[in-house]
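J.: could you look at this predicted model? Sequence included:
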Amino acid sequence: MPLLLVRNDITRMTVDAIVNAANPSLLGGGGVDGAIHRAAGPELLAECRTLGGCKTGEAKLTKGYRLPARYVIHTVGPIWHGGRFGEEHLLRSCYRRSLELAVEQGCETVAFPLISSGVYGYPKAEAFRVAADTVARFLEDHELTVYLVLFDRVAAYLGDRFGNVQSFIDDAYAEEELQKPKNQYAARWAREPREDTGKIWREEARPCEAAPKPAPKRPNPLASETDRELDDLLRQLDEGFSKTLLRLIDEKGMTDVQCYKRANIDRKLFSKIRSDPNYKPSKTTAVAFALALELTLPETQSLLARAGYTLSHSYLADIVVETCIEKGIFSVLDVNELLFSYDQPLLGS
Ligand code: APR
């Protein structure tokens, strides 16, 4: 199930549980701790007083009171002392224990702030990497939707994780912008309300020349190997997105579960795609599967074409994806970090 990055105030998140970056007393503080207590009201502090504090790396659950979230999971992150005093282990424990509590409570949606990355001084890029990796591992075995709520510009979290990828993206997009006739209506790859219409719009699937229907061939028992390969190829030309995806999963030796989890797609959506040969996924879903399957650029374009899409240098999001594929960055989470840093829609469910 998906791990999603959002830029928001965690106290506004309408989820089953939000996680609080607390201190061992659990009696409130500044930062996100203070914001949560202010939004939840005095009843939260009253309940916290009954908990007897919380150890670093541990987590305790309370009600959410006046918050839109039903519960608050209070966890205490490590104070950063340079990284050689078990800070990463303790930080991972915060995320794992909080998620375990959420699952025990029957939560389906959980929102985390970036624990320890404020007052406690954990470097943000490192804190982000540890958070994303710990949550992603937990989600391999659990069906949950987790939001990582980022309060600052994403650049602060990326650090130099992607090396020169961002400069490739910036150059390619700048190049494209220079080529473009001043067309201020160039649609971005985004689903966003249009001021003028207020309606959600999405990029029109590009009219993709449907592959010419191959002439029905009579099976030729004497067909040579090449003819048989040609038969396979012609059969594949006819495949819809769903059939192509399932064939590629088999060819890659993956299981369905491995593929949709790597694609950051939830089980329900995958079941829809699997059961409907004519299912048309969103572009972000189709691209997510291409990355999960680690397809090359031509293979990605071929898979997208089955759903009527294409990657084009006219869209910043497409340039980000293309650059990642060319650089061998197939982790949907990593690509989402980059998309998020460019304010582009994320891949997956
Ligand atoms: N929503 C989401 N994220 C927020 C919010 C908010 N309303 N307010 C702050 N943040 C972000 C910060 O930008 C930072 O990235 O949460 C992250 C964690 O910062 P802190 O709240 O300072 O938490 P932490 O670094 O874990 O320090 C905990 O600070 O507030 C005290 O009582 C708390 O002593 C404890 C210490």
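T.: Received the coordinates, thanks. Numbering: from 1, shown residues only.
J.: counting neighbours, what do you get for the residue in the stretch 101-250 of the chain that the ligand sits nearest to?
T.: With C-beta to the nearest ligand atom, the shortest gap between the stretch 101-250 of the chain and the ligand falls at Gly118, namely 2.2 Å. To be clear about C-beta, it is placed using only N, CA and C from the backbone, and glycine gets the same treatment. By other C-beta atoms under 10 Å, 19 other residues sit near Gly118.
J.: would you mind confirming that it is in contact with Gly34?
T.: No: assessed by C-beta atoms under 8 Å, Gly118 is found out of contact with Gly34, at 10.7 Å.
J.: am I right that Val149 falls within a strand?
T.: Yes: looking at Val149 with DSSP: H, G, I helix; E, B strand; the rest coil, it is inside a strand.
J.: count of residues packed around it?
T.: Val149 has 22 nearby residues by other C-beta under 10 Å.
J.: cool, Ala35 as well?
T.: Neighbour number of Ala35 under other C-beta under 10 Å is 17.
J.: with Asp141 instead?
T.: Neighbour number of Asp141 under other C-beta under 10 Å is 9.
J.: now it, what's its secondary structure?
T.: Per three-state DSSP, Asp141 ends up coil.
J.: just Leu61 next, same as before
T.: Quick answer, by three-state DSSP: Leu61 is strand.
J.: these two touch, right, it and Tyr71?
T.: Yes: shown here, Leu61 and Tyr71 form a contact pair, counting by C-beta under 8 Å, at 5.5 Å.
J.: now do the shared contacts for these two.
T.: 17, 105 (C-beta atoms under 8 Å, 6 or more residues apart in numbering).
J.: mind listing what the nearest residue to Gly28 once chain neighbours are set aside touches?
T.: Leaving aside its chain neighbours, Gly28 sits nearest to His37 (4.4 Å; criterion: C-beta to C-beta, 6 or more residues apart in numbering). By C-beta under 8 Å, 6+ apart, the contact set of His37 is 28, 44-45.
J.: which helix or strand contains His37?
T.: helix 31-40 (DSSP states H and E).
J.: between the next helix or strand after that helix and strand 59-63, how big is the angle?
T.: Later in the chain than helix 31-40, the nearest helix or strand by DSSP H and E is helix 42-49. Inter-element angle recorded for helix 42-49 and strand 59-63: 140 degrees (by axes from the mean of the first three to the mean of the last three C-alpha atoms, to 10 degrees).
J.: distance of the residue nearest to Gly28 relative to Gly30?
T.: Separation of His37 from Gly30 (C-beta to C-beta, to the nearest Å) stands at 10 Å.
J.: what residue ranges in the stretch 51-200 of the chain score low on pLDDT?
T.: Counting by pLDDT under 70, the stretch 51-200 of the chain has low-confidence residues at 153-156, 175-200.
J.: can you tell me the closest non-neighbouring residue to Asn264?
T.: Per C-beta to C-beta, 6+ apart, closest to Asn264 is Gly348, 2.8 Å.
J.: ok, Phe270 next?
T.: Closest to Phe270 by C-beta to C-beta, 6+ apart is Tyr260, at 4.0 Å.
J.: please apply the same query to Leu114.
T.: Ala127 is the one closest to Leu114 (C-beta to C-beta, 6+ apart), at 5.1 Å.
J.: residues in contact with that neighbour?
T.: Ala127 neighbours (C-beta under 8 Å, 6+ apart): 91, 114-117, 157.
J.: what's the helix or strand for it?
T.: Ala127 belongs to helix 124-139 when assigned by DSSP H and E.
J.: what about Pro24, neighbour count?
T.: Pro24 - counted by other C-beta under 10 Å - has 11 other residues nearby.
J.: before we move on, what about Pro78?
T.: Pro78 has 23 nearby residues by other C-beta under 10 Å.
J.: what's near enough to touch it?
T.: Each residue near Pro78 by C-beta under 8 Å, 6+ apart is listed here: 56-57, 85-87, 90-91, 116, 120, 122.
J.: dump these to CSV, plus distance to Ala290, neighbour count and secondary structure.
T.: CSV is the format used below for those (distance: C-beta to C-beta, whole Å; neighbours: other C-beta atoms under 10 Å; DSSP: H, G, I helix; E, B strand; the rest coil):
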residue, distance to Ala290, neighbour count, secondary structure
Thr56, 41, 19, strand
Gly57, 38, 20, coil
Phe85, 42, 12, coil
Gly86, 39, 13, coil
Glu87, 36, 24, helix
Leu90, 37, 19, helix
Leu91, 32, 27, helix
Ser116, 35, 27, coil
Tyr120, 39, 20, coil
Tyr122, 34, 24, coil
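J.: which of those residues are close to the ligand?
T.: Among those, proximity to the ligand is found for 116, 120 (C-beta under 6 Å from any ligand atom).
J.: ok, the contacts of Pro78 vs Pro277, which is closest?
T.: Ranked by distance to Pro277 (C-beta to C-beta), these are led by Leu91 at 44.9 Å.
J.: where along the stretch 201-349 of the chain do the helices fall?
T.: 225-237, 241-251, 256-262, 267-275, 283-292, 297-305, 316-326, 332-341 (DSSP state H, counting those that start in this stretch).
J.: compare those helices and give me the one nearest Trp80.
T.: It is, among the helices of the stretch 201-349 of the chain and with distance given as C-beta to C-beta, helix 332-341, at 21.2 Å.
J.: around the ligand, pick out the residues from the stretch 101-250 of the chain.
T.: Of all the residues in the stretch 101-250 of the chain, those lying near the ligand are 113-120, 149, 151-152, going by C-beta under 6 Å from any ligand atom.
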